[in-house]
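Peer 1: Could you work out the structure for the sequence below:
(2 chains)
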Number of protein chains: 2
Amino acid sequence: MTTRERTDVRRLPEKQVRDVAVLHAILDGALQAAVGFQVDGQPFVLPMACAREGDDLLLHGSTGSRLMRTLAAGAPVCVSVTHLDGLVYARSAFESSMRYRSATILGTAVLVPDDEKLHALEVLTEHLLPGRWAELRAPRAKELAATSVLRVALEEWSVKVSDGFPDDPDEDLDEPVWAGVVPMRVSYDDPVDAPDLAPDRPVPPHVRALLDRS
Amino acid sequence: MTTRERTDVRRLPEKQVRDVAVLHAILDGALQAAVGFQVDGQPFVLPMACAREGDDLLLHGSTGSRLMRTLAAGAPVCVSVTHLDGLVYARSAFESSMRYRSATILGTAVLVPDDEKLHALEVLTEHLLPGRWAELRAPRAKELAATSVLRVALEEWSVKVSDGFPDDPDEDLDEPVWAGVVPMRVSYDDPVDAPDLAPDRPVPPHVRALLDRS
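Peer 2: Numbers count the residues shown, from 1 in each chain, chains lettered A, B, ... in the order given. All right, here's what the predicted structure looks like:
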């Protein structure tokens, strides 16, 4: 397959989006990605925490994991991120669907070198827990040694977005049923203190800001 | 690798769960799964709508897709479902994490035969849009022909659940930061009528029930 053939959307090609800003927005809204690799012909897909940095996607894992060992050795990888944005109630089961934004990235992961690891962990932490990094003590040497970060370039990718209403054929428009969309989103609930939390450790403003966003 | 080796959790093995009821609950709470397969050594991961039926997972796709053609030919598959349930604010970046429930299924997909397809579509539709099937007209023959359903047996699988609080070492408990969990969930917003909705088509009770659940 050529590069173009590998990432062209074949199903519902009208939903393919080639604007890199849309790819970035999908990744920036994701806390985890489904990372696919293969070992001896068997595909594996595992969830990993992720964060975009410029034209790269960072993936966070443990140094000792099979996934990390396989990927850091230069194995081909596929990273998939999907947001479900709504349920689409059409007038038939066939046209019923979901609103979604989905990104697929093909490439090869490379291990972030030791002298860039601290920065990569800051990017990941700030993406997952915005505002947290500056509050925390510096990582210890043994913690850094136990953590690996992979980097996948955003070069070969495809994005598919479904954000519309039911697309029923004319002959179905009089069906005696409601049709429309039920929007879905991720929301956050009130923070829960750790059971061993020391006194005078209030919930910080950046956590409150997270709740206000949802 | 032996079967056990392929699905034993190596990272944080204390989070592995072998109770099939937990697997079922994870799948029953999922509307989409990340489905991994490989073509010529390149892994691909694509999102597919899913629904559990007994000891099988049903996957919904289009007859013409590369994914469907590859999988229906008996290719090995890996299906991954992940729910993010919360952000875990520990006293260090190293211990910071997420609450999640994740399932990984290895196996081979088989095409649901034509005489079982209608039933499989009912199971999928009722899982994705509970209460909807009985309202809709019967699928047309050409619609059934354009739809494929795959079935993956829930035989070789692993489940990992992280549902606790930060697990900081004792020497970090006095760090001058808040620690705890911010729970996350999927919520539904008010239904939006299709622009071409005919008069006297009210939002049905089963859609209202979906909102009440969130």
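
Peer 1: Now the element after the lowest-mean-pLDDT helix or strand in chain A, going C-ward?
Peer 2: Here the helix or strand of chain A ranked lowest by mean pLDDT, DSSP states H and E is helix A:3-7, holding a mean of 63. Beyond helix A:3-7 on the C-terminal side, the first helix or strand identified by DSSP states H and E is strand A:16-17.

Peer 1: Give me the packing partners of that following strand, helices and strands only.
Peer 2: strand A:156-162 (3 or more C-beta pairs under 8 Å, 6 or more residues apart in numbering or on different chains; DSSP states H and E). Just so you know, the C-beta spots here come from the backbone N, C-alpha and C atoms, and that holds for glycine as well.

Peer 1: Is there proximity between the strand it packs on and chain B?
Peer 2: No: under the criterion of C-beta under 8 Å from any C-beta of the partner chain, strand A:156-162 makes no contact with chain B; the nearest approach is 8.9 Å.

Peer 1: Ok, stretch A:67-86 next?
Peer 2: Yes: legend: contact between stretch A:67-86 and chain B by C-beta under 8 Å from any C-beta is shown at A:76-80, A:82, A:84.

Peer 1: check contacts around the closest residue to A:V112 other than its chain neighbours.
Peer 2: Closest residue to A:V112 in three dimensions, ignoring its sequence neighbours and counting by C-beta to C-beta, 6 or more residues apart in numbering or on different chains: A:V149, at 4.2 Å. Neighbouring residues of A:V149 by C-beta atoms under 8 Å, 6 or more residues apart in numbering or on different chains: A:58-61, A:111-112, A:117, A:120-121, A:124.

Peer 1: Any figure for the gap between A:V149 and chain B?
Peer 2: 12 Å (C-beta to the nearest C-beta, to the nearest Å).

Peer 1: What residues of the helix or strand that contains that residue count as buried?
Peer 2: Assigned by DSSP H and E, A:V149 belongs to strand A:147-153. Within strand A:147-153, the residues scored as buried using 16 or more other C-beta atoms under 10 Å in any protein chain shown are A:147-152.

Peer 1: List the buried residues for the host helix or strand of A:A21?
Peer 2: Under the criterion of DSSP H and E, A:A21 resides in helix A:20-28. By 16+ other C-beta under 10 Å, the buried positions in helix A:20-28 come out as A:23-27.

Peer 1: where in chain A is pLDDT low?
Peer 2: For chain A, residues meeting the criterion pLDDT under 70 lie at A:1-5, A:9-11, A:62-64, A:213-214.

Peer 1: longest strand in it, by residue count?
Peer 2: strand A:76-89 (DSSP state E).

Peer 1: Would you mind getting the angle between the longest helix anywhere in chain A and helix A:20-28?
Peer 2: The helix that spans the most residues within chain A, counting by DSSP state H, is helix A:114-128. Between helix A:114-128 and helix A:20-28, the angle comes out at 90 degrees (axes from the mean of the first three to the mean of the last three C-alpha atoms, to 10 degrees).

Peer 1: Pull out the buried positions in whichever helix or strand comes after helix A:114-128.
Peer 2: For helix A:114-128, the succeeding helix or strand toward the C-terminus, using DSSP H and E, is helix A:141-145. For helix A:141-145, the buried set under the neighbour-count rule, 16+ other C-beta under 10 Å, comprises A:L144.

Peer 1: next one: stretch A:69-78
Peer 2: A:70-72, A:75-78.

Peer 1: Between the two ends of it, how far is it?
Peer 2: Stretch A:69-78 has an end-to-end distance of 16 Å (C-alpha to C-alpha, to the nearest Å).

Peer 1: That stretch: how far from the chain's middle?
Peer 2: Relative to its chain's centre, stretch A:69-78 lies at 18 Å (C-alpha atoms, centre = their mean, to the nearest Å).

Peer 1: For the residue of chain A most remote from its centre, give me its contacts.
Peer 2: In terms of distance from the mean C-alpha position of chain A, A:D174 ranks first, at 39.2 Å (C-alpha atoms, centre = their mean). Applying C-beta under 8 Å, 6+ apart to A:D174 gives the contacts B:A198.
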